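**Student:** would you be able to build a 3D model of this:
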Amino acid sequence: MAEASSRAWPAIDLTRRAAGDAADTFGDRLALVLDDLHPIALEEDENGRHWRIHFDHAPTRDHALNALQVALGAEAHVAPVEVADEGWAVRVQQALRAVRVGLLIVAPPWDVPVEPANVIVIEPSMGFGTGHHQSTRLCLEALQALPLAGARLVDVGTGSGVLALAAARLGARDVVALDHDPDSVTAARDNAGRNALSTAVDVRQADLGEASMAAIDPGDVVLANLTAWVLRQHAGAIERLVRPGGRLIVSGFTHDQVPLVTDGFARLAVLARYDEDDWVALVLGRSQA
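**Tutor:** Reported below is the predicted structural model:
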């Protein structure tokens, strides 16, 4: 484990103005907003009233500050802070342990199980993209219910690459992992090498624009673990990545947002649904016609 540096980290202190009840969804809504803002770590107090959100760079933090103010309005107070390192990044990483989903295990390098079969080793980006989020686990569960042997799979918004690597472990022969963020592309390639899957998983930088998606050959299975709004906005481009008779796994949204997603993919049939807490994954099918 690397020694802590003396750098200061840009962060946001977010304090909720009022307490919620048992049915409150503030935490889920916050997670959805943060999904597009590229934090590197999130610390929450035990009362669920205060969060410290860490970022790699000040401009990313400043953009996130504005986005949180717009999204949460009067519900929360947000303020920029500079946090002395003092080893917090190392502490966040050390708390992470291997996660088992069905036959698969997603593990950080310091908690790899003795048995190597079906283990995917992911170097955490300060806690994100490691299999610890419900939407990632739901996608891993859905993947294991599909016949992947010999299939072509496209992972849209790959992040750390964990889902693409899982598909390769499960027998997909041709896996393409896409992300618009160059840091994610680098992380996914590093993780592919860490798992001896560099030749099995083709990691590319690409956005969700029509031109970028048109350059990608369709897959038998397509993964899109994104937010409801991104899925709905780019439904047409994502749908075109699915071959006739193929399957699309979508996640990254809560149960109340399911209609937003299914309306966006109205031409696809809902074949299966997976739930964990408030989070949902859907398996959609494209007809042979």
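**Student:** so Ser135 sits against Thr254, correct?
**Tutor:** No - between Ser135 and Thr254 there is no contact under CB atoms under 8 Å: 9.5 Å. For glycine as for every other residue, the C-beta is placed from the backbone atoms N, C-alpha and C.
**Student:** shared neighbours, those two?
**Tutor:** Trp279 (CB atoms under 8 Å, 6 or more residues apart in numbering).
**Student:** give me the more crowded residue out of the two.
**Tutor:** Ser135 (23 against 19; other CB atoms under 10 Å).
**Student:** give me the element that one is part of.
**Tutor:** In this structure, Ser135 sits in helix 134-144 according to DSSP states H and E.
**Student:** quick check: bridge partners of Ile105?
**Tutor:** Arg100, Val119 (DSSP bridges).
**Student:** hmm, who's touching the longest helix anywhere in the chain?
**Tutor:** Using DSSP state H to define each element, the chain has its longest helix at helix 58-72. With CB under 8 Å, 6+ apart as the test, helix 58-72 has contacts from 10-12, 14, 29-30, 33-34, 36-39, 53, 55, 76, 78, 80.
**Student:** among the residues you listed, which are in helices?
**Tutor:** 29-30, 33-34.
**Student:** farthest-separated two in these?
**Tutor:** Arg29 and Leu34 (9.8 Å; CB to CB).
**Student:** can you get me a residue count around the nearest residue to Trp51 once chain neighbours are set aside?
**Tutor:** Spatially, and ignoring its direct neighbours in sequence, Trp51 is nearest to Leu14 (4.5 Å; CB to CB, 6 or more residues apart in numbering). The number of residues packed near Leu14 is 23, by other CB under 10 Å.
**Student:** can you show me the helices along the protein?
**Tutor:** For the chain, the helices defined by DSSP H occupy 26-34, 58-72, 88-94, 134-144, 162-169, 182-194, 210-214, 228-233, 235-239, 258-264.
**Student:** quickly list what Gly285 is bridged to.
**Tutor:** Arg247, Ala269.
**Student:** distance of it from Arg49?
**Tutor:** 43 Å (CB to CB, to the nearest Å).
**Student:** the residue nearest to Trp51 contacts His77, doesn't it?
**Tutor:** Yes - using CB under 8 Å, Leu14 is in contact with His77, at 7.3 Å.
**Student:** about what we covered before: what is the mean pLDDT for the helix holding Ser135?
**Tutor:** Helix 134-144 shows a mean pLDDT of 93.
**Student:** coming back round to it: of all the helices of the chain, which lies closest to Leu271?
**Tutor:** With CB to CB, the closest approach to Leu271 among the helices of the chain belongs to helix 134-144: 9.9 Å.
**Student:** tell me which helix or strand of this protein sits lowest on mean pLDDT?
**Tutor:** Sorted by mean pLDDT, DSSP states H and E, the helices and strands of the chain end with helix 88-94, the least confident at a mean of 59.
**Student:** still on that earlier bit, distance between the longest helix of the chain and the chain's centre?
**Tutor:** Between the centre of helix 58-72 and the centre of its chain there are 19 Å (CA atoms, centre = their mean, to the nearest Å).
**Student:** what residues does the helix holding Ser135 touch?
**Tutor:** By CB under 8 Å, 6+ apart, helix 134-144 touches 99, 101-104, 106, 129-131, 162-163, 166-167, 170, 221, 223, 225, 249, 251-253, 272, 274-277, 279-281, 283.
**Student:** looking at Arg29 and Leu34, which is more packed in?
**Tutor:** Set side by side, Arg29 and Leu34 show more neighbours around Leu34, with 21 against 16, by other CB under 10 Å.
**Student:** wait, the more buried one touches Phe55, no?
**Tutor:** No - if you go by CB under 8 Å, Leu34 and Phe55 don't touch, sitting 10.4 Å apart.
**Student:** any low-confidence regions in the chain?
**Tutor:** Applying pLDDT under 70 to the chain flags residues 1-7, 20-24, 85-95, 115-117, 125-131.
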